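Peer 1: Kindly generate the corresponding structure for this input.
(chains A and B)
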Amino acid sequence: MEVKIRNRSAFMRVLALGMFLLLVWAYGQLEWGVPQAVRSSVMQGRGKIVTSDGKVLAMSRDGKRVYPQGQIAGQLVGMMGATEGLEGLEAAYNDSLAAGQTLKLTLDTQVQASAEAALARAVPAHRGEFGSVVVLETRTGRVLAAATYPPFDPNQWRRYKPDVWLNRPFVTRFEPGSTVKPLVVAAAMNEGLTTPDTVYSTPMRRFVGGRWGSTIGDAVAHPSSLNTQGVLRYSSNVGMTHIVERFPSEDLYGYLQDYGFGRQMSLPNLPAATGSLQPLARWNDLVRATNSFGQGMSSTNLQLAAAFNVLANDGQYVTPRLVEGAGGVERRNVIRPEVARATRLMLRNVINEGIFAKAGIEGYDLAGKTGTAQTVDANGRYSKTIYDSTFGGFFPAESPRVTIAVMVHGARLDYHGSQLAAPIFKEISADVLSGWAAAPGKSKDD
Amino acid sequence: MILPFRKGAALREVRLGRLTVDTSLPTWRGRAVRYVLIYLLMVLALVTVRAATQQVRPNLKEAQAREAALTTQRDDLALQLQMLENPQRLRDWAFANGMQRFTDARKETAKIAGVKAAPAAPTAPRRVEVSVQWK
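Peer 2: Numbering: from 1, shown residues only, chains lettered A, B, ... in the order given. Predicted structure coming up:
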């Protein structure tokens, strides 16, 4: 009897152990290796990602996720793991895509392809490290293109290094440099502190900031006195220090915030970095002066585009929007419409009188401003060899429909904004204008 | 509620309230035969229905397989179309074959004659007669 009970007890122990091991195995299956049938059906039922012109960026076929457009908007779309989105929109909108909903973007693949082609041609030619472009529809803030170089094909995402997965226009921060000048000039005009014709004494160097100050210098040779238009034309840092001399720091800080710098952008679900402004408590004459030409602050390319869009959109800030119907659009008046128009005129002259060969197109009025910003190296000091080449612009200058921001980092050859970023702007503008078949105005010869 | 049996009628009649149930052997036998017949009829009906519909399930499965194949084919075609329409690819092809942007193309201007004046409207005034009839 006793033996019988002992045998039964041993049997029960083995049975319990077996069932426990079965449980462990089943849990392991769920956690690390989803059964193929479940995985396949999850993939097949996943919603598409489509653009405003009807191109499919991501779809499911035969239980697999495929990206028919290949490298177009690769970083923006991101990629899928076994059953969940890992990066980009696949991760940001994982829940709605998993529920079978189609995600419609504001992107225009023609403009996106044009932006990517322009970057792919210019960045390697100048031995740049990476670059990005943002194209916005001026009135609505719809993102028509958000391109990154080097390109990324989500169909073969394992072949790329993780830094290539980055959606640069949304997440990479940089010092915007001289592209900020027209924004500060517009703010100063809005406050009645300057006009396009106000003349300033502009030596090539000027000491700013009293006891703790520093010498501000200009890179482009220019006359010893310049009006505000000339300050933008020659991108004079010294001229900018004069323009903001009577600008109270808290007011200039407020304008920069209203342009969207140093504040979170209301983009639902999308991962986007926020550039920074120095805290107001640390502002002094030198910080105010350096901020007036875009150093000592940081921004993403998307933020730069949105800020430039204020000038294009008659002084009103509109939050960029990537997903149709996603909401969260914020509008605020930053400067008066007539001030925005006057600034646009100055920026048109910057291209027509200064860098027409690099940024202008015969018969069309384009407006914009270059920037060449020093970058901070690993020791926290400004590098003397690595620069960010930037450009902000829009067209048609009088009544803009499209706003573009360009950034290329770490170019070794011809890294100035006018040599690198401006031609990228020109090429994208030429493609967009050709797509519209916009009739040219009178050329210079007429 | 089962009531007590009447004397002399044991196992033949059971009274349930006002209802009297006949439990005699011939009655049971007749009942059993009827039930067996009903059962056989139902089996027959069921087998007939099953036999008549035996192709439905295979047909359904076949249709499902066909649908899955067509869905895959449609997805394949959509994918192929999307890949063929890739703007980057088309752009590269167009430039390689000498496409010139509209903005880069040389433009010529010429004076063109305006549209001819529309033929004049008929001069004779149209006569409209209105007759009013009061109720």
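Peer 1: Give me the pLDDT for residue 74.
Peer 2: All of this refers to chain A. With respect to pLDDT, A:Gly74 scores 95.
Peer 1: please go with chain B instead
Peer 2: Among the per-residue scores, B:Arg74 holds a pLDDT of 90.
Peer 1: tell me the phi and psi of the residue of the stretch 1-150 of chain A found nearest chain B?
Peer 2: When C-beta to the nearest C-beta is the measure, the stretch 1-150 of chain A has its nearest residue to chain B at A:Pro68, with 3.5 Å between them. Every C-beta, even on glycine, is put in place using the N, C-alpha and C of the backbone. Summarising the backbone geometry of A:Pro68 under the convention degrees, to the nearest 10, its torsions are phi -60, psi -30.
Peer 1: That one contacts A:Met59, correct?
Peer 2: Yes. Using C-beta atoms under 8 Å, A:Pro68 is in contact with A:Met59, at 6.7 Å.
Peer 1: what do the two both touch?
Peer 2: With contacts taken as C-beta atoms under 8 Å, 6 or more residues apart in numbering or on different chains, the residues that reach both A:Pro68 and A:Met59 are B:Ala78, B:Leu79, B:Gln82.
Peer 1: Out of the residues you listed, which is nearest to A:Arg159?
Peer 2: B:Leu79 (20.4 Å; C-beta to C-beta).
Peer 1: For the helix or strand where the closest one lies, what is the distance to the chain centroid?
Peer 2: With elements taken from DSSP states H and E, the one containing B:Leu79 is helix B:56-84. Per C-alpha atoms, centre = their mean, to the nearest Å, the displacement of helix B:56-84 from the mean C-alpha position of its chain is 17 Å.
Peer 1: same question, stretch A:171-180
Peer 2: 9 Å.
Peer 1: For that stretch, list every residue counted as buried.
Peer 2: With burial defined by 16 or more other C-beta atoms under 10 Å in any protein chain shown, the residues of stretch A:171-180 counted as buried are A:Val171, A:Thr172, A:Phe174, A:Glu175, A:Pro176, A:Gly177, A:Ser178, A:Thr179, A:Val180.
Peer 1: from these, which are also near chain B?
Peer 2: Near chain B, judged by C-beta under 8 Å from any C-beta of the partner chain, there are no entries from the buried residues of stretch A:171-180.
Peer 1: Go through those and flag which are in strands.
Peer 2: Filtering those for membership in strands, criterion DSSP state E, returns A:Phe174.
Peer 1: of all the buried residues of stretch A:171-180, which two lie farthest apart?
Peer 2: Using C-beta to C-beta, the buried residues of stretch A:171-180 reach their maximum pairwise distance at A:Val171 and A:Ser178, which is 23.0 Å.
Peer 1: one step back: filter the shared contacts of A:Pro68 and A:Met59 down to the buried ones, ChimeraX style.
Peer 2: One line in ChimeraX is enough to select the buried ones among the shared contacts of A:Pro68 and A:Met59; burial here means 16+ other C-beta under 10 Å:
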select /B:79,82
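Peer 1: mind putting the buried residues of stretch A:171-180 in a markdown table, pLDDT included?
Peer 2: As requested, the buried residues of stretch A:171-180 are arranged in a markdown table below (pLDDT from 0 to 100):
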| residue | pLDDT |
| --- | --- |
| A:Val171 | 93 |
| A:Thr172 | 94 |
| A:Phe174 | 94 |
| A:Glu175 | 93 |
| A:Pro176 | 93 |
| A:Gly177 | 93 |
| A:Ser178 | 94 |
| A:Thr179 | 96 |
| A:Val180 | 96 |
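Peer 1: Identify, from the buried residues of stretch A:171-180, the entry nearest to B:Ala32.
Peer 2: Compare each of the buried residues of stretch A:171-180 with B:Ala32 using C-beta to C-beta and the shortest gap goes to A:Val171, at 83.9 Å.
Peer 1: what helix or strand does the residue nearest to the closest one when sequence neighbours are not counted sit in?
Peer 2: By the measure of C-beta to C-beta, 6 or more residues apart in numbering or on different chains, the closest residue to A:Val171 outside its immediate chain neighbours is A:Ala273, 4.6 Å from it. Under the criterion of DSSP H and E, A:Ala273 resides outside all helices and strands.
Peer 1: For A:Ile386, which three-state class applies?
Peer 2: The local conformation at A:Ile386, judged by DSSP: H, G, I helix; E, B strand; the rest coil, is strand.
Peer 1: From A:His409, how far out is it?
Peer 2: Noted for A:Ile386: a distance of 8 Å to A:His409, by C-beta to C-beta, to the nearest Å.
Peer 1: which residues does the residue nearest to A:Val171 contact?
Peer 2: With contacts defined as C-beta under 8 Å, 6+ apart, the neighbours of A:Ala273 are A:Phe170, A:Val171, A:Thr172, A:Arg173, A:Thr300.
Peer 1: Can you tell me which of those residues lies closest to chain B?
Peer 2: Ranked by distance to chain B (C-beta to the nearest C-beta), the contacts of A:Ala273 are led by A:Phe170 at 20.9 Å.
Peer 1: what's the neighbour count on that closest one?
Peer 2: Other residues near A:Phe170 come to 26 when the count uses other C-beta atoms under 10 Å in any protein chain shown.
Peer 1: Can you tell me, leaving aside adjacent residues, what's nearest to it?
Peer 2: The spatially closest residue to A:Phe170, leaving aside those adjacent along the chain, is A:Ala272, at 4.4 Å (C-beta to C-beta, 6+ apart).
Peer 1: now that neighbour: how far from chain B?
Peer 2: For A:Ala272, the distance to chain B equals 25 Å [C-beta to the nearest C-beta, to the nearest Å].
Peer 1: Check whether that residue really touches A:Thr172, as I assumed.
Peer 2: No. With contacts counted by C-beta under 8 Å, A:Ala272 stays clear of A:Thr172, the gap being 10.6 Å.
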